[in-house]
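> Compute the structure for the input listed below.
(one chain, ligands or ions: 1)
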Amino acid sequence: MDPGYIVGVDLGGTKILTARCDLAGQVLAQARLPTLAEEGPDAVLARIFATIQTVLAGCDPAHLRGVGIGSPGTLDNATGTVFDPPNLPGWRVVPLRDRVRAWLQAEVGRTARVEVGNDANAAALGEYRFGAGTAYPGLRHMVYMTVSTGIGGGVISDGRLLMGRRGMAGEVGHITVDVHGPRCACGNIGCLEVLAAGPAIARAGAALVSRGRAPFLAQLVGGEPARVTSELVEQAARQDDPDACALMAQIGHYLGVGVVTMIHLFNPELICIGGGVSKAGALIFDPLIQTVDALALPAMRAGVDIVPARLGDRAGVLGAAALVL
Ligand SMILES: [Zn+2]
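Next up is the predicted model:
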């Protein structure tokens, strides 16, 4: 067996998750530290280095094939530079790839390959190489969508991660699904993210409680709309709260509209949906699939499987590692 190993770093706004894995995506060691982004780039970089050091402990550096980093926000994947991610304050322009490379050389004594990619794109690659994609031998075309606090995604086209000019292709969260919809934080109107991510579910649930609707949800939050979360809306829907069920169906419908666009643009064989909201299962997947069946071009809809993601919280870190393969 190939003794080579790779390191993935999932850099998030709240935590840094780093894993060392073999070339088949089997995690061999893992380390986690809080990001503490408010302390600025140097402090965060020091914590990234500390997690890498932890997962490399006791390993032969000669077998290190590379380090992949999934980073939020805008980046230039050709140079590995990160620009102003919204959840990493103070990161104006950070040459992440070069900093990690220099550290590896100084501390590990290796000039290893370092790749930086958009976090959602990395997760797409993770599910393709090591997750849901593994159930489809010969799979070449897959679209990944993650739905939690935000909505992100990535596209595998002809076996390769579609990067775009700056490694940000596949921003499924910011396609418009309602031209009369609300303004999104990105500036666009009626984006999938502003209508169907976790905060949108919580907002719509709170509005129901304010209007005296959603009886079971209201009971769960003691009648206080401000306490509604997307998880509680899901819980109320599972208890057959009719308004919570209708709300989840609406969310599934919006996500389905987004999936239809991805099917029409990328002609995939597989759509893989992850993130916290996807854990609602049939409450989301049934209306989503109904919408896709109703709206997608039949010739493109035929033969596309729509499945939940498999890797859970590990998609990001395994995808980051896969960036160097
Ligand atoms: Zn948007």
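> rest of the way, CA atoms for contacts and neighbours
Fine.
> Quick check: can you name the pairing partners of the lowest-mean-pLDDT helix or strand in the chain and their directions?
When each helix and strand of the chain is scored by mean pLDDT, DSSP states H and E, strand 74-76 comes last, with a mean of 84. Looking at strand 74-76 with DSSP bridges, its partner strands are strand 81-83 (antiparallel).
> which residues are in contact with the strand it pairs with?
Outside strand 81-83, the residues that touch it by C-alpha atoms under 8 Å, 6 or more residues apart in numbering are 71, 73-76, 91-97, 116.
> Residue numbers of the stretch 101-250 of the chain in contact with the ion?
Taking C-alpha under 5 Å from the ion, the part of the stretch 101-250 of the chain that reaches the ion is made up of His174, Cys184, Cys186, Cys191.
> Quick check: phi and psi at the last one.
Summarising the backbone geometry of Cys191 under the convention degrees, to the nearest 10, its torsions are phi -60, psi 150.
> ok, now which ones touch the closest residue to the ion within the stretch 201-325 of the chain?
Closest approach between the stretch 201-325 of the chain and the ion, counting by C-alpha to the ion: Gly258, at 12.6 Å. If you count contacts by C-alpha under 8 Å, 6+ apart, Gly258 has them with Val172, Ile175, Val177, Leu192.
> The first one: neighbour count?
Meaning Val172. Using other C-alpha atoms under 10 Å, Val172 has 25 other residues around it.
> again, but for the second one
Neighbours of Ile175 under the rule other C-alpha under 10 Å: 18.
> list the contacts for the nearest residue to it once chain neighbours are set aside?
Leaving aside its chain neighbours, Ile175 sits nearest to Cys191 (5.3 Å; criterion: C-alpha to C-alpha, 6 or more residues apart in numbering). Going by C-alpha under 8 Å, 6+ apart, Cys191 touches Gly173, His174, Ile175, Thr176, Val177, Asp178, Gly181, Pro182, Arg183, Cys184.
> What is the burial count for the nearest residue to Val304 once chain neighbours are set aside?
Excluding its sequence neighbours, the residue lying closest to Val304 (C-alpha to C-alpha, 6+ apart) is Glu269, at 4.7 Å. Glu269 has 19 neighbouring residues, counting by other C-alpha under 10 Å.
> before we move on, back to that, now do the same for the residue nearest to Ile175: its pLDDT.
We have a pLDDT of 97 for Cys191.
> got it, and Ser278?
Reported pLDDT for Ser278: 89.
> sorry, back to before: quick one: which of the residues of the stretch 101-250 of the chain next to the ion is most hemmed in?
Cys191 (27 neighbours).
> okay, which residue is most central for this structure?
With distances taken as C-alpha atoms, centre = their mean, Ala120 lies nearest the centre of the chain, 4.0 Å away.
> What are the phi and psi values at Ala237?
Ala237 adopts backbone torsions of phi -60, psi -40, taken as degrees, to the nearest 10.
> hmm, I was thinking of Val116
Main-chain dihedrals, Val116, degrees, to the nearest 10: phi -120, psi 130.
> The residue nearest to the centre of the chain contacts Gly152, correct?
Yes - the pair Ala120 and Gly152 qualifies as a contact (C-alpha atoms under 8 Å) at a distance of 5.5 Å.
> residue ranges for the helices of the stretch 1-150 of the chain, please.
Here the stretch 1-150 of the chain has its helices, by DSSP state H, counting those that start in this stretch, at 41-56, 96-103, 119-130.
> Now tabulate the ones you listed in a markdown table and tack on mean pLDDT.
What follows is the helices of the stretch 1-150 of the chain, written out as a markdown table (pLDDT from 0 to 100):
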| stretch | mean pLDDT |
| --- | --- |
| helix 41-56 | 96 |
| helix 96-103 | 96 |
| helix 119-130 | 94 |
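> and these, which is most packed in?
Highest mean neighbour count among those (mean count of other C-alpha atoms under 10 Å): helix 119-130, with a mean of 29.
> which other helices and strands contact that helix?
strand 64-71, strand 142-147, strand 151-157, strand 160-161, helix 315-322 (3 or more C-alpha pairs under 8 Å, 6 or more residues apart in numbering; DSSP states H and E).
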